[in-house]
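Enquirer: Sharing a sequence plus its predicted fold:
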Amino acid sequence: MKILITGICGFVGAAVARQLTAASGKDEVFGIDNLSRAGSYLNRSQLVNAGIDVFHGDIRNTGDVEALPAADWVIDAAANASVIAGADGRTSSRQLVENNLSGTVNLLEYCKRHGAGFVLLSTSRVYSIDALLRLPLRLEDDAFAFDGGASPPTGASAAGVTESFSVAPPLSLYGSSKLCSELLALEYGALFEFPVWINRCGLMAGPGQFGRADQGVFSFWIHSWRARQPLAYIGFNGRGAQVRDALHPHDLVPLLRKQMASGGTAVNRIFNIGGGAANSCSLAALSRWCDRRFGAHDVVSSPEPRRFDIPWMVMDSSAAAQAWDWRPEISLDQLLEEIAAHAEAHPDWLALTS
């Protein structure tokens with residue numbers, strides 16, 4: 001089986017490519033990346049050394065996509081994955097939409113032409129910001145927790161947010177572009193009869209993640225703590241009570257293999273894929289972990305809220321567990337320790353990748 005991975009030099013794309021290659025000698029994995037992100041060239045060298053072909057190109061350019069060899073499956077891991085992109089005054093809103101939406105159209109046309117299946121790595125940020133801000137939460141020690149005594153909204157519980165949770169705008173340009181990509185993928189697959197799977201991934205984290213807070217706060221926090229770089233609890237009273245779950249990209253691979261082997265006959269095609277409640281913690285709890293691992297470091301408080309921030313996001317992946325017998329295998333402690341070991345082995349990582 002031939003597998004094309006877009007954004008193959010990004011954190012998730014590179015990790016999935018390496019795992020797919022290591023897990024089977026039968027599959028041919030290749031990919032495309034525009035190498036626009038700081039640190040991408042580091043992953044490119046590793047992938048090429050592992051015998052994986054990496055094409056330098058941009059999925060927004062029709063010619064670059066049309067020039068790619070035929071594949072049996074496309075795993076779309078290419079995106080501008082920052083929730084503040086296009087609204088921060090430093091990045092282009094048009095460029096974000098072109099990358100996340102127009103690029104998807106080119107890939108779907110590729111699948112139509114070659115009869116390839118399509119797996120979209122979407123995001124938890126397709127869920128409504130307003131609805132997330134209205135979740136019934138209480139403060140337990142230094143972390144927000146779901147208030148089970150309150151009347152919960154549709155699609156949310158202490159186990160996390162499900163696929164039925166509201167996707168009403170606002171979502172951010174990032175979230176809305178990914179939601180539009182989901183709809184287009186489903187339409188293309190139905191009309192042109194190729195299999196489509198959509199995985200709404202929670203916060204991804206692990207060693208080798210680029211050093212940016214808006215694209216991987218767990219990795220950024222640990223690297224910054226070890227390097228004694230400035231850190232701040234932003235918004236929500238500046239206490240670091242915001243909670244996220246974390247998923248190691250290696251845990252994606254068993255699911256992707258099952259989806260590609262299935263041929264795409266299931267009724268449900270959209271699945272939440274996240275670390276879940278067991279793999280979640282607050283920023284304050286992460287700070288305590290870092291304090292034990294690296295020693296004390298000051299974190300300043302900045303209570304002023306920031307646009308698009310949310311207090312609690314845990315992914316309920318029970319639908320994926322039922323459909324695919326899939327669950328994350330890598331614990332939060334193991335994931336954090338892998339990041340910490342990488343930070344110690346690469347003391348210049350933030351400078352290279354942020």
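Expert: Yep, it's here. All figures in this text were calculated on a predicted structure; none of them were measured in a lab. Residues are numbered from 1 along each chain as shown.

Enquirer: Quickly note the distance from residue 20 to residue 14.
Expert: Counting by C-beta to C-beta, to the nearest Å, the gap from residue 20 to residue 14 is 11 Å. In short, each C-beta sits where N, CA and C put it, glycine included.

Enquirer: where along this protein do the helices fall?
Expert: 11-23, 40-49, 62-66, 93-97, 103-114, 129-133, 173-192, 217-226, 252-262, 283-294, 318-324, 332-345, 349-353 (DSSP state H).

Enquirer: Contacts only, for residue 13.
Expert: Shown in contact with residue 13 (C-beta atoms under 8 Å, 6 or more residues apart in numbering): 5, 6, 7, 31, 33, 43, 75, 77, 78.

Enquirer: nearest to residue 258, of the residues you listed?
Expert: Using C-beta to C-beta, residue 75 is the member of the contacts of residue 13 that lies nearest residue 258, at 13.3 Å.

Enquirer: and that closest one, how many neighbours does it have?
Expert: For residue 75, the neighbour count with other C-beta atoms under 10 Å is 31.

Enquirer: was I right about it contacting residue 14?
Expert: No - using C-beta atoms under 8 Å, residue 75 makes no contact with residue 14, being 11.9 Å away.

Enquirer: Now for residue 87: which residues touch it?
Expert: Residue 87 sits next to 93, 172, 173, 307, 308 when contact means C-beta under 8 Å, 6+ apart.

Enquirer: make it 7 Å
Expert: The neighbours of residue 87, taking C-beta atoms under 7 Å, 6 or more residues apart in numbering as the test, are 173, 307.

Enquirer: How much space separates it from residue 34?
Expert: 22 Å.

Enquirer: Would you reformat the contacts of residue 13 as JSON lines and include distance to residue 314 and pLDDT?
Expert: Below are the contacts of residue 13 laid out as JSON lines (distance: C-beta to C-beta, whole Å; pLDDT from 0 to 100):
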{"residue": "5", "distance to residue 314": "27", "pLDDT": "98"}
{"residue": "6", "distance to residue 314": "28", "pLDDT": "98"}
{"residue": "7", "distance to residue 314": "25", "pLDDT": "96"}
{"residue": "31", "distance to residue 314": "31", "pLDDT": "98"}
{"residue": "33", "distance to residue 314": "31", "pLDDT": "97"}
{"residue": "43", "distance to residue 314": "29", "pLDDT": "94"}
{"residue": "75", "distance to residue 314": "25", "pLDDT": "98"}
{"residue": "77", "distance to residue 314": "22", "pLDDT": "96"}
{"residue": "78", "distance to residue 314": "26", "pLDDT": "93"}
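
Enquirer: what's the closest of the residues you listed to residue 56?
Expert: Using C-beta to C-beta, those come closest to residue 56 at residue 33, 7.0 Å.

Enquirer: Give me the neighbour count for that closest one.
Expert: 27.

Enquirer: List the residues that contact the closest residue to it other than its chain neighbours.
Expert: The shortest distance from residue 33 to any non-neighbouring residue, by C-beta to C-beta, 6 or more residues apart in numbering, is to residue 9 (3.8 Å). Taking C-beta under 7 Å, 6+ apart, we find residue 9 in contact with 33, 35, 40, 43, 44, 54.

Enquirer: Which phi and psi values does residue 9 adopt?
Expert: phi -100, psi 0 (degrees, to the nearest 10).

Enquirer: Would you check how far apart it and residue 16 are?
Expert: From residue 9 to residue 16 the distance is 12 Å (C-beta to C-beta).

Enquirer: And residue 317, by the same measure?
Expert: 17 Å.
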